[in-house]
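1. Everything below, folded, please.
(one chain, ligands or ions: 1)
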Amino acid sequence: MSRRKMIYEGKAKILYEGPEAGTIVQYFKDDATAFNNEKHATLEGKGVLNNRISEFVMLGIGRIGIPTHFLKRLNMREQLVRKCEIIPLEVICRNVAAGSMSKRLGIEEGTPLSRPVVEFCLKNDELGDPLIAEEHITAFNWATPLEIDEMISMTLRINDYLCGMFAGVGIRLVDFKVEYGRHFDGENERTILADEISPDSCRLWDLETDEKLDKDRFRRDLGNVTEAYADVARRLGIMKESPTAIPANDEATS
Ligand code: UDP
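-> Model prediction:
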């Protein structure tokens, strides 16, 4: 049992109050959900892998000058992040048609797009995170025009960075989802990258074989989900040990 105050429990993560003001501890669970919670499973070791992969990706994104909420990894399942007010949008960037885009527009999955496409969805489970236009965002004050511009330009820079990073280890970045937050520092407010970037929130295909190395293995019952996440971590040079040896309640070891 944790001695800290829980702030929020989501589908794949739990947020606890951090040790210092303005910080939060983000705990990665082994739970996997899909189709708006209709499908659920526990995938042993997934939380450990996502914690490590997201740390690696956030640090890289920070190095190209994009502000993120990531402060440091605390142990196998937890990271310390900056507290921010989450903008209630899912920002999706696509390089190749797949998933909901293929279904909605009748474009065959795997069709390369002639330019990256950025889409916004409203974060609302009851409504199934509907696709929205920029006009909805400003009309309902979900974000300001400046924040929309910042989210689009940061997402496109993240896309360029991640495409190169994954291509270097033989992986095609098909699409991904990011979330942003408002970070308040005295008088100043700035938009920062929040949440996580992991195989739960990206579509990653092997460059040679098109084998899926992401959450579609769970959504589509392809099997070997954790093994695929571990393959991504191994290719990125992050993890050598087996994540399945680590118990779900591990908090103390690093
Ligand atoms: N995605 C996500 N969380 C969501 C919805 C989508 O992380 O709630 C990711 C998903 O893994 C994929 C990208 O965003 O990498 C685009 O997803 P899509 O709109 O195709 O939705 P899906 O087909 O997963 O319903």
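2. Go through stretch 90-106 and flag the buried ones.
-> Across stretch 90-106, burial judged by 16 or more other C-beta atoms under 10 Å covers Glu90, Val91, Ile92, Cys93, Arg94, Asn95, Val96, Ala97, Ala98, Met101, Ser102. For glycine as for every other residue, the C-beta is placed from the backbone atoms N, C-alpha and C.
3. ah, wrong one, I meant stretch 228-245
-> Buried residues in stretch 228-245 (16+ other C-beta under 10 Å): Ala228, Tyr229, Ala230, Asp231, Val232, Ala233, Arg235, Leu236, Met239, Pro243.
4. Check the third one and give its pLDDT.
-> We have a pLDDT of 98 for Ala230.
5. Mind listing residues that contact the strand or helix carrying it?
-> Assigned by DSSP states H and E, Ala230 belongs to helix 225-235. With contacts defined as C-beta atoms under 8 Å, 6 or more residues apart in numbering, helix 225-235 is touched by 32, 43-46, 49-50, 52-53, 169-171, 198-199, 204, 211-215, 217-218, 239-240, 242-244.
6. and that helix, anywhere near the ligand?
-> No - for helix 225-235, no contact with the ligand is found by C-beta under 6 Å from any ligand atom; the gap never falls below 12.6 Å.
7. Render the CA-only coordinates of that helix in PDB, please.
-> C-alpha atoms of helix 225-235 as PDB (Å, rounded to 0.1, in the frame of the first residue of the first chain):
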ATOM      1  CA  VAL A 225       2.100  -7.700 -26.300                       C
ATOM      2  CA  THR A 226       4.700  -7.300 -23.500                       C
ATOM      3  CA  GLU A 227       7.300  -9.100 -25.700                       C
ATOM      4  CA  ALA A 228       6.700  -6.500 -28.400                       C
ATOM      5  CA  TYR A 229       7.100  -3.600 -26.000                       C
ATOM      6  CA  ALA A 230      10.200  -5.200 -24.600                       C
ATOM      7  CA  ASP A 231      11.500  -5.500 -28.200                       C
ATOM      8  CA  VAL A 232      11.000  -1.700 -28.600                       C
ATOM      9  CA  ALA A 233      12.900  -1.100 -25.300                       C
ATOM     10  CA  ARG A 234      15.700  -3.400 -26.300                       C
ATOM     11  CA  ARG A 235      16.100  -1.800 -29.800                       C
END
